[in-house]
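S.K.: got a predicted structure plus its sequence, pasted below:
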Amino acid sequence: MASGATYIALDDLEVVDDGTFGSQGNGNGEPDAGERVALNLTVRDTGGAGASGCNGLLFAGTSGVTIVDNSVVIG
């Protein structure tokens, strides 16, 4: 990693399926077939330059998954 560069790392990922944040599910914190889940991400700036106005993009690496909103502004 270059010194003074901007790097964003995923620190934590929570699956929300309890009816909050637009989710619909059984509340067990695991994505099950037929549920609509939300993802609560915690990211950390691991570089030395500071990070602001960063964007995140989510995509499914498998078939059978529908992503309703695939982007987020971070920082």
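M.R.: Cool, the structure landed. On a predicted model such as this, the values are computed, not experimentally measured, just so you know. Numbers count the residues shown, from 1 in each chain.

S.K.: next, the contact list for Asp18, please.
M.R.: For Asp18, the contacting residues are 25, 27, 29, by CB atoms under 8 Å, 6 or more residues apart in numbering. Bear in mind the C-beta positions are built from the backbone N, C-alpha and C, glycine included.

S.K.: the last one is in contact with Leu13, isn't it?
M.R.: In this case it means Gly29. No - if you go by CB atoms under 8 Å, Gly29 and Leu13 don't touch, sitting 10.7 Å apart.

S.K.: how about the strands in this protein?
M.R.: For the chain, the strands defined by DSSP state E occupy 8-16, 38-45, 54-57, 71-74.

S.K.: what about the first one, average pLDDT?
M.R.: It refers to strand 8-16. Confidence over strand 8-16 (mean pLDDT, whole number) is 94.

S.K.: now swap in stretch 44-64 and tell me
M.R.: 86.

S.K.: now it: buried residues?
M.R.: Going by neighbour count (16 or more other CB atoms under 10 Å), the buried part of stretch 44-64 is 45, 47, 51.

S.K.: grab the nearest non-local neighbour of the second one.
M.R.: It refers to Gly47. Using CB to CB, 6 or more residues apart in numbering and skipping the chain neighbours, the partner closest in space to Gly47 is Tyr7 (3.8 Å).

S.K.: centroid-nearest residue for the protein?
M.R.: Geometric centre of the chain, nearest residue: Leu41, 4.4 Å, by CA atoms, centre = their mean.

S.K.: coming back round to it: generate JSON lines for the strands of the chain, with distance to Gly64 as supplementary columns.
M.R.: What follows is the strands of the chain, written out as JSON lines (distance: least, CB to CB, whole Å):
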{"stretch": "strand 8-16", "distance to Gly64": "16"}
{"stretch": "strand 38-45", "distance to Gly64": "17"}
{"stretch": "strand 54-57", "distance to Gly64": "20"}
{"stretch": "strand 71-74", "distance to Gly64": "21"}
